[in-house]
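Visitor: when you get a sec, could you give me coordinates for this:
(2 chains)
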Amino acid sequence: MGALLAADTLHGPKVDWFALTPLIILLGGAMVLLLVAALTPAWPKRAYALFTVAVGSAAAVMSFILWDRINHQGAKTLVGDAMWLDKPGVWIAITVCIGVVMAALLTDDYLRREGIDGPELYVLYLLAALGAIVMASANDLIVLFLGLEILSLALYVMAASHRKRADSQESGLKYFILGGFSSAFLLYGIALIYGSSGSTNLGKIESYFRLNPILDHSKETLALAGVALLIVGLAFKVAAVPFHFWSPDVYEGAPTPVTAFMASVGKAAAFAAMLRVLLQGLPHWAQDYRPAIWTIAVLTLVGGSVMAVVQTNVKRMLAFSSISHAGYLLVGVEAAAHNAGNGLSSTGVSSVLMYLLVYTVLVGGTFAVVTAVGRTGDGATDLAGFRGLGRSKPALALGMTVLLLAQAGVPLTSGFVAKFGVIGDAVRVHSYAIAIIAMVSAVIAAFLYLRIMISMWIAEPEAGDDAREAVRVPALLCVAITLSVGFTLAIGFFPDWLIHAAP
Amino acid sequence: MIAVAHPTTTWYLLLSALLFAIGVVGVLVRRNPLVLFMCIELMLNAVNLSFVAFAKRMGDIGGESTVFFVMVVAAAEVVVGLGIVVAILRRKPNATTDDLSELKG
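Guide: The predicted model follows:
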């Protein structure tokens, strides 16, 4: 009996540990930071942030090595078909790592200014990044759901993490309720797709629908309802109109560095997941979901730009700007849905991925400026807080101007390259209407960025302006803004290498 | 003799859809954060019922094992959610979502 048991070795799925190193580094970094910081007295100034930057950079370097390996050996699936090691996945992993580094650079001075220094927020950044990468490389809907929850649960806590501000807790609760609500929709969609195709694996779902093109009526209903619920769940996560209403409140209430993180990493992961679900799992239903994506994209483009016009708080304005960016990304997704049969190599995918990378850097820099201008208490984020910035801090105001012009999509900045990419792809697949709507809403959205610039440079000073706390730009914040502006201009002048690199 | 109707998979799916809908309506109309929270849990568990019903019909273990993952996620959500709710209620006892209006929207 004993001999029998000993001979009967159990073979689990083969795990290529090397391909998982970015995830392992992030997890290990988070655990070390949490454990060591709990056991040792407070670390010296900047140590938590620099540790997080080091972990994020290490994960990014490993992702580059994996990228090179894919170049030589091709893409493959990992851990028993549950995850992909492919270029889009690794690209998003790099994007997420950049988001972590930017957020960590913003957070250090913010936390000390607010008097709440500690390692918790950094640990949450690293864990959320782990979830985001899992979500972006998932080849199974359940793995995707788990990645989404790892990301979202960390984001809820981060949003509520400023214990001294009621706003922050309120935004945490709102995000939590609506996030949980949308996750339930996504999960119901997964259940219905599972019920109609018999699997939660994206590859198996795709082949089931391809091999059984004519389904009986009940299965077809289940599948269509599942597709619709998945789209609703993902549209909530990317804050697309009409599922956007949580985002301005949450962006305004959350601590500003956290807002930067959720705008960049949250959006990148959710769009990567959307591409995987729609193009790798459900290309069979492309003709059915493409009109839905088209409608959501148009509503998001127009809604995001128009609703931003009446706002007076810069964080809310940037929330609506982030909604309108989601609209451009959806234009790319819609273009990709035209030839969904090609999976992630269809037209449009690479410009969406490039947009996400450019946007991550851009939004990190923009919120870095907002962090500085928010002053102690993180409250001075309305337009009045920016008044006179051109006189008191010309370099900061100039940096912000470059970043805002890039968000508006002015030529010679990275924002133009990104927008040109998605609109160009829409034209290439003959989606002319949506391309024109996208260009018109870019003009409307420019108004919002101009208002912030006018406030900084032209607005007349008012009585009491001099009594305000001076805007300070500490070293790490300065590094973040410089890197972001530098990248924005570099891509604006020399876009070729990035366009060629995008998968 | 009373005819006994044998429940089919469809019954379970309809029950699950009904529970999910009750959860959705609850989130949309109720105002107490804890009740909102319970409604979200109801939605997740309604989905679990669907997973089990499908798995039973197809004779596939995948759906049943998924339920465990969902339960773990729901438990983690409870931990985080109650933490946030307690932090808010400590500041304002008896708060409802109507009182949480410092952020317009």
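Visitor: in the chain, where is pLDDT below threshold?
Guide: Using chain A here. In the prediction, chain A carries residues with pLDDT under 70 at positions A:1-8.
Visitor: right idea, wrong chain: chain B
Guide: In chain B the weaker segments, taking pLDDT under 70 as the threshold, are B:1-3, B:94-105.
Visitor: try it again with 90
Guide: Along chain B, segments meeting pLDDT under 90 span B:1-11, B:28-37, B:57-63, B:78, B:82, B:84-105.
Visitor: can you give me the helices for it?
Guide: Read by DSSP state H, chain B holds these helices, from start to end of the chain: B:9-29, B:33-58, B:61-91.
Visitor: relative to A:Tyr125, which of these is closest?
Guide: When these are ranked by proximity to A:Tyr125, the top entry is helix B:61-91, at 15.9 Å, counting by C-beta to C-beta. Every residue, glycine included, has its C-beta placed from N, CA and C.
Visitor: and that closest one, what does it pack onto?
Guide: Contact here means 3 or more C-beta pairs under 8 Å, 6 or more residues apart in numbering or on different chains; DSSP states H and E; on that basis helix B:61-91 packs against helix A:141-159, helix A:166-197, helix B:33-58.
Visitor: just the CA atoms of the shortest one, as CSV, please.
Guide: Listed next in CSV are the C-alpha coordinates belonging to helix A:141-159 (Å, rounded to 0.1, in the frame of the first residue of the first chain):
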residue,chain,number,x,y,z
LEU,A,141,-12.7,34.4,-17.4
ILE,A,142,-12.3,33.3,-13.8
VAL,A,143,-8.7,34.3,-13.7
LEU,A,144,-9.7,37.6,-15.2
PHE,A,145,-12.3,38.0,-12.5
LEU,A,146,-9.8,37.2,-9.7
GLY,A,147,-7.3,39.7,-11.2
LEU,A,148,-10.0,42.3,-11.4
GLU,A,149,-11.0,41.8,-7.7
ILE,A,150,-7.3,41.9,-6.5
LEU,A,151,-7.0,45.2,-8.4
SER,A,152,-10.4,46.6,-7.3
LEU,A,153,-10.2,45.7,-3.6
ALA,A,154,-6.9,47.4,-3.3
LEU,A,155,-8.3,50.4,-5.1
TYR,A,156,-11.3,50.7,-2.8
VAL,A,157,-9.0,50.8,0.3
MET,A,158,-6.6,53.2,-1.4
ALA,A,159,-9.5,55.6,-2.2
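Visitor: tell me which residues in that helix are buried?
Guide: A:141-159 (16 or more other C-beta atoms under 10 Å in any protein chain shown).
Visitor: and chain B, which of those reach it?
Guide: The residues of those that also fall near chain B, by C-beta under 8 Å from any C-beta of the partner chain, are A:142, A:145-146, A:149, A:153, A:156-157.
Visitor: follow-up on the earlier one: winner for burial among the helices of chain B?
Guide: helix B:33-58 (a mean of 20; mean count of other C-beta atoms under 10 Å in any protein chain shown).
Visitor: give me the angle between it and helix A:166-197.
Guide: Orientation check (axes from the mean of the first three to the mean of the last three C-alpha atoms, to 10 degrees): helix B:33-58 against helix A:166-197 gives 10 degrees.
Visitor: starting at the chain centroid, how far to helix B:33-58?
Guide: Here helix B:33-58 shows a centroid-to-chain-centroid distance of 5 Å under the convention C-alpha atoms, centre = their mean, to the nearest Å.
Visitor: tell me who's in contact with the residue nearest to A:Arg46 when sequence neighbours are not counted.
Guide: Among residues not flanking A:Arg46 along the chain, A:Asp108 sits closest, at 5.5 Å (C-beta to C-beta, 6 or more residues apart in numbering or on different chains). Residues touching A:Asp108, when contacts are defined by C-beta atoms under 8 Å, 6 or more residues apart in numbering or on different chains, comprise A:46, A:48-49, A:474, A:476.
Visitor: please enumerate the helices of the stretch 301-450 of chain A.
Guide: Assignment of helices within the stretch 301-450 of chain A using DSSP state H, counting those that start in this stretch yields the ranges A:314-337, A:349-373, A:383-386, A:389-392, A:394-408, A:414-428, A:432-457.
Visitor: which element follows the last one toward the C-terminus?
Guide: With elements assigned by DSSP states H and E, the helix or strand that comes after helix A:432-457 is helix A:475-493.
Visitor: quick one: the closest residue to A:Leu155 other than its chain neighbours from A:Val36, how far?
Guide: Nearest-residue entry for A:Leu155: A:Met262, 5.3 Å, with adjacent residues in sequence omitted and distances by C-beta to C-beta, 6+ apart. A:Met262 sits 26 Å away from A:Val36, taking C-beta to C-beta, to the nearest Å as the criterion.
Visitor: same question, A:His244
Guide: Using C-beta to C-beta, A:His244 is found at 40 Å from A:Val36.
Visitor: neighbour count: these two, which is higher?
Guide: For A:His244 against A:Val36, the residue with the higher neighbour count under other C-beta atoms under 10 Å in any protein chain shown is A:His244, and the figures read 22 against 12.
Visitor: three-state assignment of that one?
Guide: For A:His244, the secondary-structure state derived from DSSP: H, G, I helix; E, B strand; the rest coil is coil.
Visitor: who are the contact partners of A:Phe416?
Guide: Taking C-beta under 8 Å, 6+ apart as the criterion, A:Phe416 is in contact with A:406, A:409-410, A:492.
Visitor: before we move on, back to that, can you say which helix or strand has the residue nearest to A:Arg46 in it?
Guide: Under the criterion DSSP H and E, the helix or strand holding A:Asp108 is helix A:87-114.
Visitor: next secondary structure element downstream of that helix?
Guide: Heading C-terminal from helix A:87-114, the first helix or strand you meet, by DSSP H and E, is helix A:120-137.
Visitor: report whether that following helix contacts chain B.
Guide: No - Helix A:120-137 does not reach chain B (C-beta under 8 Å from any C-beta); its nearest approach is 10.8 Å.
Visitor: in that helix, which residues are buried?
Guide: Neighbour-count burial for helix A:120-137 flags A:120-137 (criterion: 16+ other C-beta under 10 Å).
Visitor: if I look at A:Phe181, how far off is chain B?
Guide: For A:Phe181, the distance to chain B (C-beta to the nearest C-beta, to the nearest Å) stands at 5 Å.
Visitor: list the contacts for the closest residue to that residue other than its chain neighbours?
Guide: Among residues not flanking A:Phe181 along the chain, B:Val27 sits closest, at 5.4 Å (C-beta to C-beta, 6+ apart). When the contact criterion is C-beta under 8 Å, 6+ apart, the partners of B:Val27 are A:177, A:181, B:36, B:39-40, B:43.
Visitor: A:Ala240: which of the residues you listed is nearest?
Guide: Each of the contacts of B:Val27 was scored against A:Ala240 by C-beta to C-beta, and A:Phe181 proved nearest at 15.2 Å.
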